[in-house]
Structure formats: structure tokens, C-alpha cells
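1. Starting from these lines, generate the structure:
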Amino acid sequence: MFKKILIANRGEIACRVAATARRIGVRTVAVYSDADAHAKHVHACDEAVHIGGSAPRESYLRGERILAAAHATGAEAVHPGYGFLSENDVFARACADAGVVFIGPPPVAIRAMGLKAESKRLMEAAGVPLVPGYHGAEQNPLLLKAEAERIGYPVLIKASAGGGGKGMRVVAKPAEFDAALASCQREAAGSFGSDAVLVERYITRPRHIEIQVFADAHGHCVYLFERDCSVQRRHQKVLEEAPAPAMTPERRAQMGAAAVAAARAVGYVGAGTVEFIVEPDGPRAAPGRPEQANTPSGGSEAQPSVGVGRFYFMEMNTRLQVEHPVTEAITGLDLVEWQLRVAAGEPLPVAQDDLRIDGHAIEARICAENPEADFLPATGTLHVLRTPTATQFERPAIANGVRIDSGVREGDSISPHYDSMIAKLIAWGTTREQALARLDRALADTHIVGLHTNVAFLRRCARSRSFAAADLDTALIDRERAVLFGRPELPLEIAAAGVIARELAAERMLESDDPWSRRDGWRLHGSALRRFDLAVRGRHHVVRLERRNDGAMRLSADDASWDFAVMSDGLERHDLLLDGRRHRLAVYATGERLTVFEADGVAVIDEFDPIAHAADAAGEGGCLAAPMPGRVIALLARAGDVVKKGQALAVIEAMKMEHTLSAPRDGTVAELLHAVGDQVAEGSELLRLADA
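-> Prediction:
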């Protein structure tokens, strides 16, 4: 076994690898950029080396600097994590040339599977089923469009050298093909250095099921069952679970054998994931009729309305996957430890027949993004980051049913330089139903303040009829849109009660034994009345608290009122009654803003400022501003153009994705304030609108 390894990554995966290394006695070296000088992963490792600027191309993508850090610290091997250089065959080869072990597959396997078109040709030769499509090297746009006509619409265009949903578009009809192709090629070139694409038949309502494979250098290869990753937005995964609902033992064996054949076809060594697109099999049940049954293996097999039908090879990820914890949870194995041992030359510790499924696990990816704005990534400071109590990572089996993998701490910032993931929340149970209940409770107990997150969306998604019934496919979010988006915040009375509860708790903390220090509003006769001017989503609300001389309190907001009582535990936790109904709230203050959490919702409340409110109203709709830091890659209007509300006006690139910005109202483009290629800060005006 290695004595010291370097982790060529950041965030939660770097912390994850460091935890296993520490447990088995291997020392670790972190690398970090300017932006990550005080990051969690730097403190998680035994040593740390600075490798460059904040942008990935100035640090985490600089293979020569990473290898220099390995030599300087005496690291014998490099663990690439996922993303950055993890699937870069040139870097893997450079490690070998430098005498440093690359903890991953051989460079030839990375290259073969990294090029989607080439990998599909190899899979066809190995007998692995493929989706009908065009995987050729010729990239003439006219040829690609002709191939799309031959395949039949809808088709899927995707980058040949990429993954993670980047450089991928669904095209429903010929008129949309040219624009979608140009966008795919532009995004692919920016993300992967190649604009080559392939075109495939788009399977409607497919499931995305992947098989975890592991191979050693002694000729052994096993599959560690499957994960269902069908719930996606922007072709990126949101919820993942293992085992896949409705998976029969026969289909599992078939998909496992195909995945092993795919790995053997390229001489694979280490951890990898073979991803399949799966067609539905069997009729759909009536809505709201989830059926559950337990398998003899102990795993939870939901019996949904759609089974696992024909499957087709999609791609192979030649690295550890983000969602690997659900496989660890149902097998009790540490996949990172397996990676280290296989890279050190050891054989796999178990054979296929020794592997068993124990229970069910679901992972939710908690990201800094705004689901209500088409999942636009968010940046900012994590003023509050509170997660459910979870045992510190010692082994992948999950104590108390909950595991948290995170690379950030309260007070850290989410920057535009890297992806938007804050944490992964994994829930395990003996059945799918129990795992889902634990996930729901854990998401309700996750409180993040300082930027937009998808926590509430994840909870609504997990509680949706489709997910609860295991009626899974990649269109689930669109199908459940009515219940997933546009949800109201906490009722005004609950939000206001939280604000007042915190105010009263703060006042009690200032009291002493001196009776004149009491701040309970007591009067010999009558009542004490206090007024609070609050702003919720910019709307002004007048809230009053009446405190009677008998100690009773009454809360009023707008035109309604409620009997009010509260017991507080410090400034953050409050147990209150409104007209006899109990509410448990958590309230966090950041400057003049208060954020109130209850199990079923959240509200953000500010002290109402009439002057600022008037200024905001006067300027509303007069400009188009960047919602985050990024680079302008396209301007779709010129000065003098008349535009309609919702018309696409600009495209910026941020957090590895393209984001199209639309006109906030009808008008005329009065002035362009930036040019293509400009780097812009969050809130920067891109153009100004005048009345048409």
C-alpha cells in the first residue's frame, strides 16, 4: 500500500478520498488554487501545495504543476477524484512517465471510452447493445443534419468527448437542428477542447441506469450492482438511488454482464461506471398507486408502473462517480479503498458471487442554484450551513441512516470558478420507503442561508407522486412541474411569528435580576402594542404584537390576527403556538435579513425600507443584468432593435454551462454595455432597454 498520495482535486471528493486514506493509514497531500487557500479539503489533508490561480485552467487543470507537487512532497500516487483531469489520458500517461501511479484506469482505456463515437464502435464489436445513431468522425453540419433525418426525430446531439450534460441538446424537429448543433459545438469546445458531436435517436421517457464496475490488474472484473439516475435537470443528475426500482435479478445479471464486457473490451483497471439508457417495459399503473415489495436479498424493490426494459450503452465514465455513496451504502464497501488497493497492485478483495445488496439508498445533490430560474447556478457566502446530525465518515455503511459528504463549511463561499455542489445527502434504509422517509426528514433539517439552493426543490421532488411511486424516467421533473415549481413560501403569520420570536428571545438575553431590566412589555393597565414593518419578496406588511398585562400575546398581520405563545432555545430555535397550533421554527439572522425555516417551507424577511423600495420600483425592467459572474459569449440583439418580453438577448458562460438571458419586458435596445468575450461581474448591466 502507498505511504502517501496526492489528491488532484478539490471540494467534497477531495475530503472523501482523504477520509479513507486517513482511515487506512495513508498520508495525503492537497493541492489548492488561490480561491481555495482556506478550503475544507486543504485542512482535511496532511500537507497542501499551492498550484495557481482561481480559474481551473490556472490550477487544477495544470498537470505539470500537480506532478511537481507530487515530487516535491514525495507522493507515490495521484488520485484524480472526478472532473478536472480525472478522465484525461494525457495526464494519466504523464503520471506514468513521471514515475507516479495514477489511481485510475490505463490511459488507453480512458482515451477509448472518453471519445463517445470511438467507445460506441468498441462496444458494438464487444456485443454491447447501442442506441441507433451516427457515431462517425465526419462532422459536416449538412451530413449531421441528414443523419438526424435518417434516424428520425426527436434526436439527441451530444459532445463526443464530454459528459455531465454539457454539449447536449434534444432536437424535436429539423427547424431546430442548426441552432442546437451550433450551441452544442460551442459548449463542447469550451468544456472539452473538441467540438465533435454524435447524433442518436432520442428515446422518450427513458430511464438512466448505470452499473458500477471494478477491475484489477490480475484479470478480475466484477459489477457492484446498479444505480438509477433518471431524475435529472439539464441532463445532470439530481437524485440517485440503488438498487434500481423494478430491477429483476435476470435483467440485473444481463446489464452487469454487458458492463463487465464493456470494461474488458478496453482492458479496464480500477473503478468505472457503465451508463445505460433503458426503455420502459410494461404498462403504467394508475396515478397514485405505488406498490412496494421486498426482495429476498434484503434490498427494497419498488414495483413501479414502468419496469426495466431493453437497455442500450450510453457511455462509460472512467472514474469514480459523484453518486458512488449509494453503492457503498447497499454493499458496505469502501470504493475509494478498493481504488487505492487495486492501484497498489492488489487483487479485488471479493468475487462476484460474494457480493450482496443490503437495503436501499438514495442520494440528493444539494447545489447552489435557483430551480425557479431554470436552475441558474448561484454564488455567494454560506452564512448558515446546518445539516442533519450524521456520524463522521468511518466506513461507507451509514450509521443512523444518514451520511453527509461535503467540501464546504459554514462561512465558506461558492465561487463562479467551480461547480455549484454544496453537499451530497445520502439516506439508507432497509426498504426504499424507509430510505425515502429518512431523506425527507434530513432535507427538512438542512438549513442554508446566503444564496439560492435546491434543498426545497429536492424535497418536493422526492415527495412527488412519480418519485414516491418509483415511476422514474428522465422527464420526471417536467412531468411533475406543477408540484415542483412556483411553490409559495411560508404563510405570512408563521414567518412573522418567527421574526418576533427571535426578537423576544434577544430581548430576554439582555435581562438581569434587576426587575427594571425586564423587557416583557408589562403594563399595570391595558396592553403594550408594538409594530413591525416587514418586507417579504419586496411586499410591505405591517405586523403588530399585542402583549396584555396578564401575559397573553396576540399577533396580527395585515387584516388577520392569532393568539401567540412561544418558547425559545437561544436565538435560533423556537417552539410556538398560533391559535393553538404548534410550529417548530429555526430563525437565522444575516445582517438585517432574517430567514425562517419550518419543516414544510422557508421565508426570507427584511425590515421594510420605503426609500429603497421606491428606488427599486422606479428602475425595474430598465436593464438586462448578469445573474452571476461569467463571460459573455453571444449578444443576440443590436442597439436600436425592438424586442419582446422573453426574447433571448444574450448568452453568458458560467460554472461550465451556457445561460441564455431574456428581455424582462417589451422595449428597444438603447445601448449595449459589453462585448462578446467580456468577463462580467454579478449584477453587471449587459444592455439597457428603452420604451419601444
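2. so residue 413 makes contact with residue 385?
-> No. Judged on CB atoms under 8 Å, residue 413 makes no contact with residue 385 at a distance of 11.4 Å. Where you see a C-beta, it was placed from the backbone N, CA and C, and this is true even at glycine.
3. Of the two, which one has the most company?
-> residue 385 (21 against 15; other CB atoms under 10 Å).
4. what about the residue nearest to the more buried one when sequence neighbours are not counted, neighbour count?
-> Of all residues not flanking residue 385 in the chain, residue 410 sits nearest, at 4.1 Å (CB to CB, 6 or more residues apart in numbering). By other CB under 10 Å, 14 other residues sit near residue 410.
5. residue contacts, residue 410?
-> Counting by CB atoms under 8 Å, 6 or more residues apart in numbering, residue 410 touches 382-386.
6. if you set the cut-off to 7 Å instead, what comes out?
-> The contact partners of residue 410, taken as CB atoms under 7 Å, 6 or more residues apart in numbering, are 382, 384-385.
7. for residue 176, helix, strand, or coil?
-> Following DSSP: H, G, I helix; E, B strand; the rest coil, the label given to residue 176 is helix.
8. That should have said residue 258, apologies.
-> Secondary structure, three-state DSSP: residue 258 is helix.
9. what's the answer for residue 2, then?
-> coil.
10. what's it sitting at in phi/psi?
-> phi -60, psi 150 (degrees, to the nearest 10).
11. Correct me if wrong: it contacts residue 344.
-> Yes. Counting by CB atoms under 7 Å, residue 344 is a contact partner of residue 2 at 5.8 Å.
12. Now do the contacts for residue 592.
-> Counting by CB under 7 Å, 6+ apart, residue 592 touches 606-607.
13. where exactly do the helices run in the stretch 201-350 of the chain?
-> For the stretch 201-350 of the chain, the helices defined by DSSP state H, counting those that start in this stretch cover 249-265, 324-331, 335-343.
14. May I have the longest one exported as CSV, CA atoms only?
-> Once side chains and other backbone atoms are set aside, the C-alpha atoms of helix 249-265 remain, and they are given as CSV (Å, rounded to 0.1, in the frame of the first residue of the first chain):
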residue,chain,number,x,y,z
PRO,A,249,-32.4,-10.4,-11.0
GLU,A,250,-32.4,-11.6,-14.6
ARG,A,251,-32.1,-8.0,-16.0
ARG,A,252,-29.5,-7.1,-13.4
ALA,A,253,-27.4,-10.0,-14.5
GLN,A,254,-27.7,-9.1,-18.1
MET,A,255,-26.8,-5.4,-17.6
GLY,A,256,-24.0,-6.4,-15.2
ALA,A,257,-22.6,-8.9,-17.8
ALA,A,258,-22.8,-6.2,-20.5
ALA,A,259,-20.9,-3.7,-18.2
VAL,A,260,-18.2,-6.2,-17.5
ALA,A,261,-17.9,-6.9,-21.2
ALA,A,262,-17.5,-3.2,-21.9
ALA,A,263,-14.8,-2.9,-19.2
ARG,A,264,-12.9,-5.9,-20.6
ALA,A,265,-13.1,-4.6,-24.1
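15. Now do that helix: which elements does it pack against?
-> In terms of contacts (3 or more CB pairs under 7 Å, 6 or more residues apart in numbering; DSSP states H and E), helix 249-265 is packed against helix 116-125, strand 207-215, strand 221-233, strand 270-281, strand 307-317.
16. What sits closest to residue 144 if chain neighbours are left out?
-> residue 199 (5.8 Å).
17. Please apply the same query to residue 217.
-> Closest residue to residue 217 apart from its sequence neighbours, by CB to CB, 6+ apart: residue 269 at 5.3 Å.
18. The one you found contacts residue 103, correct?
-> No. The criterion here is CB under 7 Å, and residue 269 misses it with residue 103 at 10.3 Å.
19. between the two, who's got more neighbours?
-> Set residue 269 next to residue 103 and count neighbours by other CB under 10 Å: residue 103 wins out with 29 against 20.
20. isn't that one right next to residue 76, touching?
-> No. Using CB under 7 Å, residue 103 is not in contact with residue 76; the gap is 10.1 Å.
21. residues contacting the closest residue to residue 352 other than its chain neighbours?
-> In space, and not counting its chain neighbours, residue 352 is closest to residue 222: 4.7 Å by CB to CB, 6+ apart. Contacts for residue 222 were tallied using CB under 7 Å, 6+ apart; they are 214, 348, 351-352, 355.
22. Generate a PyMOL selection restricted to the buried entries among these.
-> For the buried members of the contacts of residue 222, the matching PyMOL selection, counting by 16 or more other CB atoms under 10 Å, is:
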select buried, resi 214+348
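23. and the contacts of residue 222, which two are the farthest apart?
-> Spanning the widest gap among these are 214 and 351, at 11.4 Å by CB to CB.
24. My read is that residue 574 contacts residue 585, right?
-> Yes. Using CB under 7 Å, residue 574 is in contact with residue 585, at 4.7 Å.
25. Find the residues that touch each one of these two.
-> Common neighbours of residue 574 and residue 585 (criterion: CB under 7 Å, 6+ apart): 498, 501.
26. Let me know the pLDDT of residue 390.
-> Reading off the confidence values, residue 390 has pLDDT 63.
27. Same check on residue 506?
-> Residue 506 carries a pLDDT score of 92 in this model.
28. May I have the residues that are in contact with the nearest residue to it once chain neighbours are set aside?
-> Closest residue in space to residue 506, ignoring its immediate chain neighbours: residue 571 at 6.1 Å, by CB to CB, 6+ apart. Contact analysis of residue 571 by CB under 7 Å, 6+ apart lists 502, 505-506.
29. Distance to residue 21, neighbour count and secondary structure added to those, as TSV?
-> Shown next, in TSV, are the contacts of residue 571 (distance: CB to CB, whole Å; neighbours: other CB atoms under 10 Å; DSSP: H, G, I helix; E, B strand; the rest coil):
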residue	distance to residue 21	neighbour count	secondary structure
502	43	24	helix
505	44	19	helix
506	45	14	helix
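30. sorry, back to before: secondary structure element for the residue nearest to residue 506?
-> Of the helices and strands defined by DSSP states H and E, none includes residue 571.
31. now residue 105
-> Counting by DSSP H and E, no helix or strand carries residue 105.
32. hang on, the earlier thing: contacting residues for the residue nearest to residue 217?
-> Applying CB under 7 Å, 6+ apart, we find residue 269 in contact with 105-106, 215-217, 342.
33. Please report which of the residues you listed has the highest neighbour count.
-> Ranking the contacts of residue 269 using other CB under 10 Å puts residue 105 first, with 28 neighbours.
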